[in-house]
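Q: okay, here's the prediction I keep looking at, along with the sequence it came from:
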Amino acid sequence: MKLIHTSDWLLGSRFHGYYRMEEQAHFLHWLRDLLVEREPDVLLISGDIFDGPVCSDAAETLFYDFLHQAVTDLPGLKVFYASGSHDSPSRLGAFRPLLSDRGIEACAAMECTPKGELLGDLLIFPLAERNQTDAQVLLLVVPRWSSSGSSLASPSLMLRRINELQQLAVRRYGNRLPLLLLSHFLPDEVDCSAFSMPVAYGALGGSHCAQEVSGKGCFHDCGSPWPLSFDEVGATRGVNWVELQGDGVRVEQVEYVPLRSFLTLPETGGATFSEALQLLEKLPKRRGGEPDAGAPYLQLCVSEPHPDASMVDRLLQSVTTRNVRLCRMLSVDADGSRRSYPVSDESLQLPQPALLARSLYQNTYGEEMPDALARLFAMAKRQSSASDAASSPF
């Protein structure tokens, strides 16, 4: 039995205001190619598929187009996904009847009877190899949410539900088949060593960075395909390739290189304004006025606690000519601690505010700002300037 395990896509998310759809589409294209190349029997997605309970049409289209293409490119592939803490169970499970006919199981909530008994048919799945009929493993799916819409974030409740599901699986199918678990929780939320029986492979999500989790069996959180903060830079990204062979399991992390990298200038410590300007001038220039799809995210670290407005202007203007996406500017104290840089409103009054507004709109919505909206922005800017002048005591 061959599996691919992935998690924490957070489709539709933004990073410091920048729209990430191009990055997310890049990963899903890579994953489609990997499915065709390695021909797994099952694809497991362990939660946080979307960035929030209300997601954009573009994010949903990206997700369902991927699912359709995956099962079309690889006939016989089974896909299972569970809800995570960011997902809406009602939205994630809305198309379950239609998807199930294509071999895609949307396990958005812990389905129970009115008496609170688990509905095993919607949470326990005998799995065979692709295009085969004899079951080789049992997959137990424990979504993050209950059918009532409440979270299973309570460690004791999550653990109890997992043990109940394990016991139900044994009652229905015996203990001949190894167990797989698909769920979404952090290692410190649920004690995997307290499960009632061992798990051959536990496909977990929620930690953002890949890690093996100790417990009664083999548990892995495969992490997000890309960093979700500058603090997460440095961890290897990718998916887990899992092979179940007899009584053993082999896990391999297949590395994925995200479309956009993360750049910190300087790499350590902080730079003076002059040094930061020199570092910026060494970066590649933009072509066409906007950063290209693969332009890295940038954080600038400066060591001057008292900013000079004209120098901040020069830094920000230099950034707009470089093929990067400026996310934040940090002040580095003498002890090495970092904090958001105290940039004043005055220092952000660049010579071309309309150009910056168009750039922000493009980064946020992935399309050009409409001319009508640009005219409204220009009108608001003029009115704001006139109001500031009228209210000034000088």
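A: Great, that's in hand.

Q: can we go C-alpha only for contacts and neighbour counts from here?
A: Fine.

Q: Cys327 belongs to a helix?
A: No. Counting by DSSP: H, G, I helix; E, B strand; the rest coil, Cys327 falls outside a helix, being strand.

Q: surely it and His16 touch.
A: Yes. Using C-alpha atoms under 8 Å, Cys327 is in contact with His16, at 5.5 Å.

Q: ok, then the element right after whichever helix or strand Ala203 is part of?
A: Applying DSSP states H and E as the criterion places Ala203 in strand 199-204. Later in the chain than strand 199-204, the nearest helix or strand by DSSP H and E is strand 211-213.

Q: what lies in contact with that following strand?
A: Applying C-alpha atoms under 8 Å, 6 or more residues apart in numbering, the external contacts of strand 211-213 come out as 187, 192, 218-223.

Q: farthest-separated two in those residues?
A: Taking C-alpha to C-alpha as the measure, those span a maximum distance of 17.7 Å, between Cys192 and Gly223.

Q: quick one, which of these two is more surrounded?
A: Gly223 (27 against 22; other C-alpha atoms under 10 Å).

Q: show me what contacts Arg130?
A: Arg130 touches 40-42, 76-78, counting by C-alpha under 8 Å, 6+ apart.

Q: turn those into TSV, including pLDDT.
A: As requested, these are exported to TSV (pLDDT from 0 to 100):
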residue	pLDDT
Pro40	97
Asp41	97
Val42	97
Gly76	93
Leu77	96
Lys78	96
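
Q: show me what the strand holding Ala203 is in contact with.
A: So strand 199-204 is contacted by 5, 7, 44, 46, 178-185, 216-222, 244, 248-249 (C-alpha under 8 Å, 6+ apart).

Q: so where do the strands sit in the stretch 201-350 of the chain?
A: Assigned by DSSP state E, counting those that start in this stretch, the strands in the stretch 201-350 of the chain fall at 211-213, 217-221, 238-245, 248-255, 262-265, 297-302, 325-332, 338-340.

Q: Pro284 reaches Ser318, doesn't it?
A: No. If you go by C-alpha under 8 Å, Pro284 and Ser318 don't touch, sitting 11.3 Å apart.

Q: and those two? which has more neighbours close in?
A: Taking other C-alpha under 10 Å, Pro284 and Ser318 do not tie; Ser318 has more neighbours (15 against 12).

Q: ok, the residue nearest to Lys285 when sequence neighbours are not counted to Ala334 distance?
A: Closest residue in space to Lys285, ignoring its immediate chain neighbours: Arg322 at 4.3 Å, by C-alpha to C-alpha, 6 or more residues apart in numbering. For Arg322, the distance to Ala334 equals 29 Å [C-alpha to C-alpha, to the nearest Å].

Q: circling back: need the contacts of Arg130 in JSON lines with neighbour count and secondary structure, can you?
A: Compiled in JSON lines, those are given as follows (neighbours: other C-alpha atoms under 10 Å; DSSP: H, G, I helix; E, B strand; the rest coil):
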{"residue": "Pro40", "neighbour count": "22", "secondary structure": "coil"}
{"residue": "Asp41", "neighbour count": "23", "secondary structure": "coil"}
{"residue": "Val42", "neighbour count": "24", "secondary structure": "strand"}
{"residue": "Gly76", "neighbour count": "18", "secondary structure": "coil"}
{"residue": "Leu77", "neighbour count": "22", "secondary structure": "coil"}
{"residue": "Lys78", "neighbour count": "24", "secondary structure": "strand"}
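
Q: could you check how far Ser310 is from Gln317?
A: Using C-alpha to C-alpha, Ser310 is found at 10 Å from Gln317.

Q: between these two, which is the more surrounded one?
A: With neighbours defined as other C-alpha under 10 Å, Ser310 and Gln317 compare such that Gln317 has more, 15 against 12.

Q: and Ser56, its phi and psi?
A: phi -80, psi 160 (degrees, to the nearest 10).

Q: so it touches Gly12, yeah?
A: Yes. Assessed by C-alpha under 8 Å, Ser56 is found in contact with Gly12 at 6.4 Å.

Q: more neighbours: which of those two?
A: Higher neighbour count among Ser56 and Gly12: Gly12, with 21 against 15, using other C-alpha under 10 Å.

Q: skipping adjacent residues, who's closest to that one in space?
A: Nearest one to Gly12, counting by C-alpha to C-alpha, 6+ apart, is Ala59 at 5.0 Å.

Q: the one you found: how many residues sit nearby?
A: For Ala59, using other C-alpha under 10 Å, the count is 20.

Q: what bridges to the closest residue to Arg325 other than its chain neighbours?
A: Take Arg325 and drop its neighbours on the chain: the residue closest to it by C-alpha to C-alpha, 6+ apart is Tyr297, 4.7 Å away. When assigned by DSSP bridges, Tyr297 has beta-bridge partners Phe262, Arg325.

Q: okay but Tyr297 is in contact with Leu259, surely?
A: No. In this structure Tyr297 lies outside contact range of Leu259 using C-alpha under 8 Å: 10.8 Å.

Q: neighbour-wise, which of these two wins?
A: For the pair Tyr297 and Leu259, the greater number of neighbours falls to Tyr297 (20 against 17), based on other C-alpha under 10 Å.

Q: ok, that one to Gly234 distance?
A: Taking C-alpha to C-alpha as the measure, Tyr297 falls 14 Å from Gly234.

Q: between Arg322 and Ala334, which one's more packed in?
A: The neighbour count for Arg322 versus Ala334, taken as other C-alpha under 10 Å, is higher for Arg322 (21 against 11).

Q: ok so, going back, which residues touch the residue nearest to Lys285?
A: 280-281, 283-286, 291.

Q: one more pass at 6 Å, please.
A: Contacts for Arg322 (C-alpha atoms under 6 Å, 6 or more residues apart in numbering) come out as 284-286.

Q: next one: Pro225
A: 237-238.

Q: likewise Asn163?
A: 195-196.

Q: secondary structure of it: a helix, I assume?
A: Yes. Under three-state DSSP, Asn163 sits within a helix.
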